[in-house]
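> sequence and predicted structure below; questions after.
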Protein chains: 2
Amino acid sequence: MTRVVLASASPARARLLRDAGIAVHIEVSNVDERELESAMPDATPEQICLALAQAKARDVAERINPEPDTIIIGADSVLDVDGTSWGKPATEEVARQRWHAMAGRSAVLRTGHWLIAGSVQVGQVASTTVWHGTLSDAELDAYIATGEPLQVAGGFTLDGLGAPFIDRIEGDPSNVIGLSLPLLRSLLATVGVTWPSLW
Amino acid sequence: MTRVVLASASPARARLLRDAGIAVHIEVSNVDERELESAMPDATPEQICLALAQAKARDVAERINPEPDTIIIGADSVLDVDGTSWGKPATEEVARQRWHAMAGRSAVLRTGHWLIAGSVQVGQVASTTVWHGTLSDAELDAYIATGEPLQVAGGFTLDGLGAPFIDRIEGDPSNVIGLSLPLLRSLLATVGVTWPSLW
């Protein structure tokens, strides 16, 4: 019986896996994300999210000393706005500025994925284009007052209070929520694990 | 305080609204969907899902005799495959045939929305393009054995066991799950209700 360990504190990622039928164990990594990110100042958003996904998965692998049939999944999401990486907004003011900047336009949500299965490691980034809606000042105030935007990469959700404010996407929606299920299915296949075998 | 009534038995629709912060009351309509559909043999999938959404909302409105500040939401989803409307597959064999037919190609998930707010009624169809993945025979057998495909329009989900088998979409993902939250926000605005006022 394969054991799936998610190296992430994100409840949205855990719910994605559970809704898709996967029993998942949570092991939060001790990676200092800011330190790692500031150590790679010239990196693209794609490189950053893959490096963070890798670091999280490896940190947990070292800590839990996994059985050979354990699969560890690390993931990290960033919003790529014209090559700049937007993580969680630090303040309400930053969240507000970002929503104003994004109104009616698109950016790319990139999630780095890193799988460790015994001695094999595979990683890949999935990218989904996201079009933000245009909010009235009252809507934006109300959304920011919920506190949700400050908790999430890019300052919005697709599976929570933010969903009505995202007009459309192009790509895989689960990738925007934090873990691309079709990419994960494909990465698992490369390490010899079929998705239904995890049900 | 606005009361939101969902005229649908779909747990996926109720969850979409609740995850987006809306407290929702469920009132399932008594509409005979097959009868209504067979009464409009020349209708397009778009016309069918809008007519069904309207019929469900009106049926519930007649039954519950709503207060003026009650909003009733009717919805119906179909998969539009080259102009043919695919609802729930009747049998496992039909579900299998559909997945074989859809492998690696796209179809359009259309959801009709109908809102009743006092004496005002508004309706609109949202459309999202969905690309199906290519499943191995073992994956398809396992997915069909879960029973899920037989319960849902088009024979797949984006928020359940089917998610890893859908490669990508273009449009609003909540529309595929059964209710377009951005369209609903826009329809509510036309009847003078802002989304955050429902939180």
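In hand now; what should we look at? Residues are numbered from 1 along each chain as shown, chains lettered A, B, ... in the order given.
> counting by contacts, list what the helix or strand containing A:Ala101 packs against.
Assessed by DSSP states H and E, A:Ala101 sits inside helix A:92-102. Using 3 or more C-beta pairs under 8 Å, 6 or more residues apart in numbering or on different chains; DSSP states H and E, the elements in contact with helix A:92-102 are helix A:137-145. Heads up, the C-betas are built off the backbone N, CA and C, glycines and all.
> from the chain's centroid, how far away is the helix it packs on?
Helix A:137-145 sits 24 Å away from the centroid of its parent chain (C-alpha atoms, centre = their mean, to the nearest Å).
> same thing with stretch A:165-181?
Taking mean C-alpha positions (C-alpha atoms, centre = their mean), stretch A:165-181 and its chain are 10 Å apart.
> one step back: check whether the helix or strand that the helix holding A:Ala101 is followed by contacts chain B.
Counting by DSSP H and E, the next helix or strand C-terminal to helix A:92-102 is strand A:106-117. No: contact check for strand A:106-117 against chain B, using C-beta under 8 Å from any C-beta of the partner chain: none in range, with a minimum separation of 12.1 Å.
> for the very next helix or strand once past strand A:106-117, list the C-alpha coordinates in PDB.
On the C-terminal side of strand A:106-117, the closest following helix or strand by DSSP H and E is strand A:120-132. The C-alpha coordinates for strand A:120-132 follow below in PDB (Å, rounded to 0.1, in the frame of the first residue of the first chain):
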ATOM      1  CA  VAL A 120      13.700   8.400  -7.700                       C
ATOM      2  CA  GLN A 121      12.900  12.100  -7.700                       C
ATOM      3  CA  VAL A 122      11.000  13.900 -10.400                       C
ATOM      4  CA  GLY A 123       9.800  17.500 -10.700                       C
ATOM      5  CA  GLN A 124       7.900  19.800 -13.000                       C
ATOM      6  CA  VAL A 125       6.100  23.100 -13.100                       C
ATOM      7  CA  ALA A 126       2.500  23.500 -14.300                       C
ATOM      8  CA  SER A 127       1.300  26.900 -15.500                       C
ATOM      9  CA  THR A 128      -2.300  28.200 -15.700                       C
ATOM     10  CA  THR A 129      -3.300  31.600 -17.000                       C
ATOM     11  CA  VAL A 130      -5.800  33.400 -14.800                       C
ATOM     12  CA  TRP A 131      -8.000  36.400 -15.700                       C
ATOM     13  CA  HIS A 132      -8.900  38.600 -12.800                       C
END
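> residues of chain A that sit close to chain B?
When proximity is defined as C-beta under 8 Å from any C-beta, chain A approaches chain B at A:16, A:19-21, A:128, A:133, A:136, A:138-139, A:142-143, A:146, A:158-161, A:163-174, A:181-182, A:184-185, A:194-196, A:199.
> buried ones among the residues you listed?
Neighbour-count burial (16 or more other C-beta atoms under 10 Å in any protein chain shown) is assigned, among the residues of chain A next to chain B, to A:16, A:19-21, A:128, A:133, A:139, A:142-143, A:158-161, A:163-174, A:181-182, A:184-185, A:195-196.
> could you tell me which of the residues of chain A next to chain B belong to strands?
A:128, A:166-171 (DSSP state E).
> now the element after the longest helix along chain A, going C-ward?
In chain A, taking DSSP state H as the definition, the longest helix is helix A:45-64. Using DSSP H and E, the next helix or strand after helix A:45-64 towards the C-terminus is strand A:70-81.
> for that next one, what is the distance to the chain centroid?
Centroid separation between strand A:70-81 and its chain, computed with C-alpha atoms, centre = their mean, is 5 Å.
> that one pairs with which strands, parallel or anti?
Applying DSSP bridges to the sheet, strand A:70-81 is found paired with strand A:3-6 (parallel), strand A:84-86 (antiparallel), strand A:106-117 (antiparallel).
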